[in-house]
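S.K.: take this sequence and fold it.
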Amino acid sequence: MTCVRFLVASISLGLGPAHALAQPEFSDIVAEVRFGILAHNVSVGINPGNENQEAGENIQAEIVFRTPKRLKWKYFFSPEPYLVGSVNTAGNTSFGGGGLLWDFQLGKRQRWEFETGIGYIVHNGAIDIPFPGQGGNAQNATFDANNILFGSRDLFRTTLAFNRHLGKHWGVQVIYEHLSHGQILGSGRNQGNDSVGARAYYRFGRAGQ
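M.R.: From the prediction side, this is the model:
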């Protein structure tokens, strides 16, 4: 067994450097992972009247990638691509998608960041009232009172957030998220959704860099 282990170790050491050159490290591709909870469909004055239609919390996970060379433009502020998934705990609207994030350091100590993002998502919520004709008036009213009518299966996702680094790798984030199609991806209905919450993140590499 000792000889076998020595042989395996020798092969691993011999192939290790070449393999490292051929395959990028995980942290060379992924910049950050995030996980948190957001209050679903809160009233912030953008979508008045919607706040009672859907409830629950959104369990959300996000992976942020390092800026590829093609996006490292001087006047584009080197955005980071991301993928996000969000599941509503009350069985209401859940979604998944991706987009771009921009981080801006605040202060000389680099403990705080302001972050903004724009993305595209696909959701499983309601688009419009499903019961046509006058015979469905009661059903329509009930459905409208309990569902956000997004007007499109495809939506834009815009975010604003403040990040606070807690150490070399860890940090917390307070985030506001808005989902709607802005009369661009759909037409007619466009009630939209606002969510506010907190997420923890782990940054590969030093926080603030």
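S.K.: tell me the backbone dihedrals of Arg109, please.
M.R.: The phi/psi pair for Arg109 (degrees, to the nearest 10) reads phi -80, psi -10.
S.K.: assign Thr93 to helix, strand or coil.
M.R.: Using DSSP: H, G, I helix; E, B strand; the rest coil, the structure places Thr93 in coil.
S.K.: now do the strands in this protein.
M.R.: Secondary structure of the chain by DSSP state E: the strands cover 30-39, 57-65, 80-88, 95-106, 112-123, 154-165, 170-180, 193-203.
S.K.: once you drop chain neighbours, what's closest to the residue minimising distance to the centre of the chain?
M.R.: Nearest to the mean C-alpha position of the chain, by Cα atoms, centre = their mean, lies Val84 at 3.7 Å. Once flanking residues are discounted, Val84 sits nearest to Glu62: 4.4 Å by Cβ to Cβ, 6 or more residues apart in numbering. For glycine as for every other residue, the C-beta is placed from the backbone atoms N, C-alpha and C.
S.K.: about what we covered before: isn't the residue nearest to the centre of the chain right up against Gln60?
M.R.: Yes. With contact defined as Cβ atoms under 8 Å, Val84 reaches Gln60; the gap is 6.7 Å.
S.K.: where does the chain have its least confident helix or strand?
M.R.: Using mean pLDDT, DSSP states H and E, helix 2-22 stands out as the lowest-scoring helix or strand of the chain, at a mean of 45.
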